[in-house]
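**Q** no sequence for this one, just the structure:
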């Protein structure tokens with residue numbers, strides 16, 4: 001498609017509110033473009049040269065963007081990019097980037113990136129994981145390196161996804177500071193070769209102090225996200241629950257879907273979580289399962305089961321197990337087989353914890369359950385003298401009976417599990 005040298009895309013809607021952002025018009029131009037040098041876009045979204053491999057896309061002279069809705073247009077490449085309110089730009093797409101008040105620099109949450117662009121931040125600008133109408137969770141840790149000159153003409157907030165590290169290695173100048181947004185979950189490392197800014201070299205950001213959140217009652221349409229540093233205990237029902245890396249989810253709960261990149265530990269030591277649809281234990285996820293005896297142990301009941309993460313067993317103090325006892329730690333009440341296995345635990349593998357040895361099967365029970373079968377008689381170590389039977393719900397250091405010495409555990413008063 002051929003353009004005049006200077007072109008402008010405009011639309012009527014300029015709000016970034018969720019009720020309006022999808023009203024902003026989108027146009028996607030397929031194939032190569034010719035003649036375009038300078039492009040302004042306000043209240044418009046879309047893309048240039050869709051279908052053209054990114055490395056082969058044209059680079060225009062100047063791109064100025066504001067109010068870009070879902071911000072698909074952030075993919076435009078230009079020698080100079082100027083970003084206004086309610087819009088964002090990728091640092092790798094320009095030689096020079098200026099982020100104005102309420103504009104954002106988009107940092108990838110799904111792949112490693114490196115940019116040598118010169119970047120200038122005006123007061124009130126922001127660094128984020130992107131303006132978009134949808135968010136697809138990424139479970140691998142990624143890093144973006146900014147090696148070009150960066151100027152902070154005012155304070156700049158950053159709000160990054162929990163799997164994202166932003167590393168600044170180039171010259172850093174200006175009177176402004178990098179300030180963590182209240183909802184930031186990512187990491188910023190300032191390793192500037194020449195730093196005269198208001199932000200010193202080093203790691204900055206929230207420390208994600210541990211806190212426990214108790215949720216009770218039934219709210220089946222309410223979504224729950226467990227963030228890094230949070231322990232959420234649900235005794236009731238909710239809709240879909242996402243547990244991010246560094247988060248812990250437990251309680252006697254019923255949920256529609258459960259997606260775990262952190263830790264899931266059913267019940268109130270022990271107990272059961274029922275998942276009406278799919279249970280996914282992602283690569284960084286850990287299922288902490290506690291076992292007391294054949295009648296009292298942790299269990300997850302789900303309609304579909306996807307396993308990539310780890311199993312961390314705890315043999316609770318005072319427990320007694322006989323050879324041949326079985327423990328259905330994941331009850332698959334759907335018709336599909338279990339997809340995947342726990343990390344380093346293939347079908348038939350053995351796992352030993354506090355003197356008890358179990359063999360694991362992913363085709364146990366009625367043919368598609370995850371079942372542990374005791375290979376020996378055992379008694380768990382006695383409980384330490386804590387001065388009381390009940391421990392407060394919290395993240396504590398590894399204790400006797402934890403399969404992994406580095407694991408964390410939260411323990412409360414034992415509660416019988418009513419198996420399904």
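**A** Thanks, I have it. As the structure is a computational prediction, the values presented were derived from the model and not from experiment.
**Q** quickly list the domain ranges of this protein.
**A** Domains of the chain are assigned by automatic domain parsing as 1-89, 211-379.
**Q** closest to residue 152 out of the ones you listed?
**A** domain 1-89 (15.3 Å; Cβ to Cβ). Where C-beta positions appear, they are placed from N, C-alpha and C, glycine not excepted.
**Q** for residue 111, which of the domains of the chain is the nearest?
**A** domain 1-89 (11.8 Å).
**Q** so for that closest one, mean pLDDT?
**A** For domain 1-89, mean pLDDT is 78.
**Q** ok now that domain, how far from the chain's centre?
**A** Here the centre of domain 1-89 is set off from its chain's centre by 28 Å, with Cα atoms, centre = their mean, to the nearest Å.
**Q** for the domains of the chain, give me a markdown table that also has distance to residue 99.
**A** Output for the domains of the chain, formatted as a markdown table (distance: least, Cβ to Cβ, whole Å):
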| stretch | distance to residue 99 |
| --- | --- |
| domain 1-89 | 5 |
| domain 211-379 | 26 |
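**Q** give me whichever of those domains is most buried.
**A** Ranked by mean neighbour count under mean count of other Cβ atoms under 10 Å, the domains of the chain are led by domain 211-379, which reaches a mean of 19.
**Q** pLDDT (mean, whole number) over it?
**A** 96.
**Q** distance between the ends of that domain?
**A** Length of domain 211-379, first residue to last, Cα to Cα, to the nearest Å: 33 Å.
**Q** select the longest strand from the protein.
**A** As assigned by DSSP state E, the longest strand anywhere in the chain is strand 230-243.
**Q** helices of the stretch 101-250 of the chain, start to end?
**A** Remark: no helices are assigned in the stretch 101-250 of the chain by DSSP state H, counting those that start in this stretch.
**Q** okay, now the unreliable bits of it?
**A** Scanning the stretch 101-250 of the chain for pLDDT under 70 picks out the ranges 132-139, 206-209.
**Q** 90 instead?
**A** Residues of the stretch 101-250 of the chain meeting the criterion pLDDT under 90: 109-111, 129-141, 161-164, 182-186, 204-211, 225, 227-229, 244-246.
**Q** residues in contact with residue 100?
**A** Neighbouring residues of residue 100 by Cβ atoms under 8 Å, 6 or more residues apart in numbering: 82-85, 122, 124-125.
**Q** which two from those residues end up farthest apart in space?
**A** 82 and 124 (14.7 Å).
**Q** quick check: the closest residue to residue 87 other than its chain neighbours vs residue 40, distance?
**A** Using Cβ to Cβ, 6 or more residues apart in numbering and skipping the chain neighbours, the partner closest in space to residue 87 is residue 68 (4.1 Å). For residue 68, the distance to residue 40 (Cβ to Cβ, to the nearest Å) stands at 12 Å.
**Q** go on, residue 34?
**A** Residue 34 is 19 Å from residue 40, by Cβ to Cβ.
**Q** and what of residue 365?
**A** For residue 365 relative to residue 40 (Cβ to Cβ), the value is 63 Å.
**Q** then residue 190?
**A** Distance from residue 190 to residue 40, by Cβ to Cβ: 33 Å.
**Q** ditto for residue 243
**A** For residue 243, the distance to residue 40 - Cβ to Cβ - is 43 Å.
**Q** and what of residue 95?
**A** From residue 95 to residue 40 the distance is 19 Å (Cβ to Cβ).
**Q** one more: residue 352?
**A** Taken as Cβ to Cβ, the span from residue 352 to residue 40 is 66 Å.
**Q** check residue 25 too.
**A** Distance from residue 25 to residue 40, by Cβ to Cβ: 15 Å.
**Q** go on, residue 32?
**A** For residue 32, the distance to residue 40 - Cβ to Cβ - is 21 Å.
**Q** cool, and residue 189?
**A** From residue 189 over to residue 40 (counting by Cβ to Cβ), the distance is 35 Å.
**Q** my read: the residue nearest to residue 87 touches residue 89, true?
**A** No - look at residue 68 against residue 89 with Cβ atoms under 8 Å: they stay out of range, at 9.4 Å.
**Q** need the residues touching each of the two.
**A** In contact with both residue 68 and residue 89: residue 74, using Cβ under 8 Å, 6+ apart.
**Q** who touches the spatially most central residue of the chain in this structure?
**A** What sits nearest the mean C-alpha location of the chain, by Cα atoms, centre = their mean, is residue 244, with 4.4 Å. When contacts are counted by Cβ under 8 Å, 6+ apart, residue 244 touches 162, 185, 225-228, 261-262.
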